[in-house]
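S.K.: I'll drop the sequence and a predicted model, then ask my questions.
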Amino acid sequence: MVAETRFPLTGPNGSLISTTHIRELTMADVAFVVTTVAIFALVAFVAKGVAKL
């Protein structure tokens, strides 16, 4: 027996969103967060270097 979710994930047109699509969105979110953290780390590194001048 397949367990049904209480609130199925549906797209804007009412179709069910596939788990592959959800994984792609999750990976995009992870990539965005990692990129943002890397940029802030780079800015902090540059700021430290400028402060030593």
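M.R.: The structure has been received and is ready for your questions.
S.K.: can you map out the helices along the chain?
M.R.: Using DSSP state H, the helices of the chain run over residues 19-52.
S.K.: tally of neighbours for V30?
M.R.: Other residues lying near V30 total 10 when counted by other Cβ atoms under 10 Å. Bear in mind the C-beta positions are built from the backbone N, C-alpha and C, glycine included.
S.K.: distance of it from K48?
M.R.: Counting by Cβ to Cβ, to the nearest Å, the separation of V30 from K48 is 27 Å.
S.K.: again, but for V33
M.R.: V33 is 23 Å from K48, where distance means Cβ to Cβ.
S.K.: could you do I22 as well?
M.R.: 39 Å.
S.K.: same question for T26.
M.R.: 33 Å.
S.K.: and for F45, the neighbour number?
M.R.: As a burial measure, F45 scores 10 neighbours (other Cβ under 10 Å).
S.K.: quick one: pLDDT of it?
M.R.: Listed pLDDT for F45 reads 96.
S.K.: distance of it from D29?
M.R.: On the measure of Cβ to Cβ, F45 and D29 end up 25 Å apart.
S.K.: same thing with T35?
M.R.: As for T35, its distance to D29 is 11 Å (criterion: Cβ to Cβ).
S.K.: same question for L42.
M.R.: Distance of L42 to D29, computed by Cβ to Cβ: 21 Å.
S.K.: same check, this time on F40
M.R.: Separation of F40 from D29 (Cβ to Cβ) stands at 17 Å.
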